[in-house]
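Student: model this:
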Amino acid sequence: MKLNRILPIALFTLIAAGFTSCSDDDTVLQELNSPSVSTTLQTFNSLTFEWDKVENAVQYGYQLLDPSGNVVSTGTTTATTATLTDLQYATTYTLNVWAFAAMNSDFTTAPTVTLTATTAPLTKLATPTVSLATSGSTNTFSWEAVDHAESYTYEVSLDGEVIRTASITSTSIAIRGLEKGDYKFHVKATTTEEGFENGDYSEGIDFSVERMIAWQVTGTYYSYSLNKSWDAVMVAYDDGSYTIQAWYGVEGYNLDFSINKSDADGSFQVLNGTYDDNTWLYGVPTGLSDYPEVNIYRWYEYSYMDGNSTSGIVNINHLWGEYYVNDTFTWEAAKLNIDDLVGTYNNTISYSSYDDSTGDWAYYSYNDWVATIEKVDNTTITIDGLLWTDCPLTANVDLNNRTITFPIQDYAGWYTFALNDWTNFEPTSPVIGTINGDGTIELSGFCYWYYNGSWWTQYLDSANAKLTKN
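Tutor: Okay, the predicted model is just below:
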């Protein structure tokens, strides 16, 4: 009976001892599994990370570090993804991710997982492909629009030095007002759109500003050595040079020369011959098999030109056998009567005009317009159709000098017709046209000015027109 009373006491002692050894302070918690992290999206300014769901995790913590170890972003989420924004492009970041367990659960925080990822670089705009169209001294460059481009920056350089640059929104630009010379043009697409950067400059396009025709005549060329004459055309240019085309009757073999009366060695300068310092002669090819070259003597008063668009002579002193002889080119335009000018003309015209839709200049060229000249009196005419019809311009005719002078005048009710004066930036000079020996009429450098109430601006700029009678 005594044994029965001891057994309950021993059992209580054993149970009490068991509770003491399994207290809360001695509970061992199990670590959560670490997240398995990957990047799912990289843009130029964001990174998106994704990880597998961790069993028994209630939320996740993350921390993003920049390449220098500075904390860029930190936070918690119950989702299994996080997107970090406002990052630097093409930059490698480090992400630390861990899983949290519920409070009072049998689990504890998971070990941190580290992953690096790099934001995408900016997208560079495409390089424009440029084409060139030339009319007189105006060179117009055009290209297709570049995706995401907001504007274009172009440069014009001379001998490697940039002499003109500007930013435009249109996809063409007319370059004018340059002196004669050899230039290079290139352009690049530019933008401020996020995720994109300016493109590279296009491959440079070489272009030249050439001399422009001032007037031309048809005359008679006489060759002493061949002892015969034929019709030939001489063109006078705005830089003081001249060309007798096919001067010995063979196309492609011209005589190019200039007149420089300030040169002590002589006024007649052959521009396309081979000069011999010993003989002071220029050898110029003729294109003839039996008479391939003419050796021209340039000294003043021996070879010379005297004349203008109305009449004149070019005397070409050259070596023939053992002595010097002269070839001549002579011309005299037919006597003009103002009635001869009356009629309809084919109008070949080129110009640059302001495009209101783009805010930039655009280049235009046409060869099939029609202009009409009517007589007012013996010294005055009107020309309609130079640009618009039913908007005649008045001009004064000098028959002796074969010029047509347009006084500064209102045009079409909105504009002022005058020469394009880049110096004064306002209409101050009249337009003077030339009546060529072949009857064509040429105008160059005219402009339609517009006054906006504060200053003058050019609506139509650097226009050139050639009228050929039908």
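
Student: now do Asn317 against Trp299, distance only.
Tutor: Counting by CB to CB, to the nearest Å, the gap from Asn317 to Trp299 is 8 Å. No exception for glycine: its C-beta is placed from N, CA and C like everyone else's.

Student: now do Asn33
Tutor: Asn33 is 104 Å from Trp299, by CB to CB.

Student: and Val146, how close does it get to Ile168?
Tutor: In this structure, Val146 lies at 13 Å from Ile168, with CB to CB as the measure.

Student: check which element follows the biggest strand by length in the chain along the chain.
Tutor: In the chain, taking DSSP state E as the definition, the longest strand is strand 360-377. Counting by DSSP states H and E, the next helix or strand C-terminal to strand 360-377 is strand 380-384.

Student: if we can go back for a sec, list residues touching both of Val146 and Ile168?
Tutor: Both Val146 and Ile168 are in contact with Tyr152, where contact means CB atoms under 8 Å, 6 or more residues apart in numbering.

Student: for the stretch 201-350 of the chain, give me the ranges with low pLDDT.
Tutor: Applying pLDDT under 70 to the stretch 201-350 of the chain flags residues 261-266, 300.

Student: in stretch 87-102, what's buried?
Tutor: Buried residues in stretch 87-102, counting neighbours by 16 or more other CB atoms under 10 Å, are found at 87, 89, 91, 93, 95-101.

Student: looking at these, which is nearest Tyr248?
Tutor: Nearest to Tyr248 among the buried residues of stretch 87-102 is Tyr89, at 67.9 Å by CB to CB.

Student: okay, and the nearest residue to the closest one once chain neighbours are set aside sits in which element?
Tutor: For Tyr89, ignoring the flanking residues on the chain, the nearest one in space by CB to CB, 6 or more residues apart in numbering is Phe44 at 4.1 Å. For Phe44, there is no enclosing helix or strand under DSSP H and E.

Student: phi, psi for Phe44 please.
Tutor: phi -70, psi -20 (degrees, to the nearest 10).

Student: wait, isn't Ile338 in contact with Lys375?
Tutor: Yes: the pair Ile338 and Lys375 passes the contact test of CB atoms under 8 Å, sitting 5.9 Å apart.

Student: list residues touching both of these two?
Tutor: Ile381.

Student: where does the stretch 1-150 of the chain dip in pLDDT?
Tutor: Checking the stretch 1-150 of the chain against pLDDT under 70 turns up 1-27, 135-137.

Student: tell me where it has strands.
Tutor: Using DSSP state E, counting those that start in this stretch, the strands found in the stretch 1-150 of the chain span residues 30-31, 37-42, 47-51, 57-65, 71-77, 81-84, 92-101, 107-108, 113-118, 123-124, 130-135, 138-143.

Student: who does the first one pair up with?
Tutor: Strands flanking strand 30-31 in the sheet, each with its direction: strand 107-108 (parallel) (DSSP bridges).

Student: show me what the partner strand is in contact with.
Tutor: Contacts for strand 107-108 (CB under 8 Å, 6+ apart): 29-32, 56, 101.

Student: out of the residues you listed, who's nearest Val130?
Tutor: Nearest member of these to Val130, counting by CB to CB, is Leu32, at 62.0 Å.

Student: do I have it right that the closest one meets Ala57?
Tutor: Yes: between Leu32 and Ala57 there is a contact at 5.5 Å, judged by CB under 8 Å.

Student: overlap in contacts, these two.
Tutor: 99-101, 110.

Student: how about those residues in a markdown table, adding distance to Glu293?
Tutor: Shown next, in a markdown table, are the shared contacts of Leu32 and Ala57 (distance: CB to CB, whole Å):
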| residue | distance to Glu293 |
| --- | --- |
| Ala99 | 96 |
| Phe100 | 99 |
| Ala101 | 103 |
| Ala110 | 96 |
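
Student: between the residues you listed, which is nearest Trp331?
Tutor: Lowest distance from Trp331 to these (CB to CB) belongs to Ala99, with 99.7 Å.

Student: run through the strands of the stretch 201-350 of the chain in chain order.
Tutor: Under DSSP E, counting those that start in this stretch, the stretch 201-350 of the chain gives strands at 205-209, 213-223, 228-237, 241-245, 255-259, 268-270, 274-276, 281-285, 293-297, 304-307, 311-320, 323-332, 343-355.

Student: which one of the ones you listed lies nearest to Thr76?
Tutor: Among the strands of the stretch 201-350 of the chain, strand 343-355 sits nearest to Thr76 (CB to CB), with 56.5 Å.

Student: and that closest one, what other elements does it pack with?
Tutor: If you count contacts as 3 or more CB pairs under 8 Å, 6 or more residues apart in numbering; DSSP states H and E, strand 343-355 packs onto strand 138-143, strand 360-377, strand 456-469.

Student: next, count neighbours for Glu179.
Tutor: A total of 10 residues lie near Glu179 under the criterion other CB atoms under 10 Å.

Student: give me the number of residues near the residue nearest to it when sequence neighbours are not counted?
Tutor: Closest residue to Glu179 apart from its sequence neighbours, by CB to CB, 6+ apart: Val209 at 6.6 Å. Neighbour count of Val209, defined by other CB under 10 Å: 20.

Student: what's opposite Val209 in the beta bridge?
Tutor: The partner residues for Val209, given DSSP bridges, come to Gly181.

Student: hmm, Tyr183 and it touching each other?
Tutor: Yes: Val209 is in contact with Tyr183 according to CB under 8 Å; the separation is 6.9 Å.
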